[in-house]
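> return atomic coordinates for the entry below.
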Amino acid sequence: MTGTDKTRALVLIADGTEEMEAVITIDVLVRAGIEVTIANTNPSESSAESIKCSRGVRIIPDTHLSALPLPTPADPDRSFYYDVLMIPGGGPGAQTMAASTLVHQWVHAHYSKPGVLLAAVCAGPTVLKAAGVARGAQVTSHPSVRDQLKDYFEYRDDVKGSEIVVKDEKAQLLTSRGPGSTFELALRIVEELKGKEVMESVRGPMMFP
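Numbers count the residues shown, from 1 in each chain. Okay, the predicted model is just below:
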């Protein structure tokens, strides 16, 4: 956890983001008492416009990423950092983020920061590759982007069931495969940040089989 009193998450979205991966993560983290900021990463830099996700669902972000103070190594104020930076998938959304210099700066700022997690699901790990972080880390993803990642990361396509979330300890990185695995990823984020007891208190009422 960072030096702030609250546990905080930053969820990046763009037009074409997979809505299930964004909304499931946001919902689960909020249930755990984590303060979530949803940041628009579209090039327009408008904080008011809604994001049209991959299946047509619209999400109104809290802000545009450009409006948030970017933490830098020279800045002693740790309150600018989030406890987890989460990148959902959805091909078009991930492509927008992968092409964004600003997103790269935010990923670099949080990568390997003590007590800070990076998380990505589905096509999200392609953004990490584009930013040039975590080379050689263990990751998984949606199979459709496997070939883009396998020569950069230590790619895992053997994960399923209770092991469907991959954690690379050195990179402080969590990854998973797609919409159906996002509950497990979000719950793992909760466990990492708030502990197993809090995670179980969130998981139980959601009535997992």
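> mind giving me the packing neighbours of the helix or strand in which residue 26 is found?
For residue 26, the element it lies in under DSSP states H and E is helix 19-31. Packing partners of helix 19-31 (3 or more CB pairs under 8 Å, 6 or more residues apart in numbering; DSSP states H and E): strand 8-13, strand 35-40, strand 58-59, strand 117-121, helix 182-194. C-betas here are computed from N, CA, C, even on glycine.
> which one, of those, ends up nearest to residue 200?
Nearest to residue 200, of all these, is helix 182-194, at 8.6 Å by CB to CB.
> give me the mean pLDDT for that closest one.
Helix 182-194 shows a mean pLDDT of 98.
> just checking, what packs against it?
By 3+ CB pairs under 8 Å, 6+ apart, helix 182-194 packs against helix 19-31, strand 84-87, strand 117-121, strand 173-176, helix 196-203.
> mind putting those in a markdown table, distance to residue 57 included?
As requested, those are exported to a markdown table (distance: least, CB to CB, whole Å):
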| stretch | distance to residue 57 |
| --- | --- |
| helix 19-31 | 4 |
| strand 84-87 | 17 |
| strand 117-121 | 17 |
| strand 173-176 | 20 |
| helix 196-203 | 23 |
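> format the ones you listed as JSON lines; extra columns: mean neighbour count and distance to residue 71.
Shown next, in JSON lines, are the helices and strands packed on helix 182-194 (neighbours: other CB atoms under 10 Å; distance: least, CB to CB, whole Å):
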{"stretch": "helix 19-31", "mean neighbour count": "22", "distance to residue 71": "20"}
{"stretch": "strand 84-87", "mean neighbour count": "27", "distance to residue 71": "11"}
{"stretch": "strand 117-121", "mean neighbour count": "27", "distance to residue 71": "14"}
{"stretch": "strand 173-176", "mean neighbour count": "27", "distance to residue 71": "18"}
{"stretch": "helix 196-203", "mean neighbour count": "16", "distance to residue 71": "25"}
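> circling back to that earlier point, show me the contact partners of the helix holding residue 26.
9, 11, 13, 36, 38, 53-55, 57, 59, 86, 88-90, 119, 121-122, 124, 178-179, 182-183, 185-187, 189-190, 202, 206 (CB atoms under 8 Å, 6 or more residues apart in numbering).
> also stretch 62-75?
10, 12, 37-42, 45-47, 77-78, 80-81, 102-103, 105-106, 109-110.
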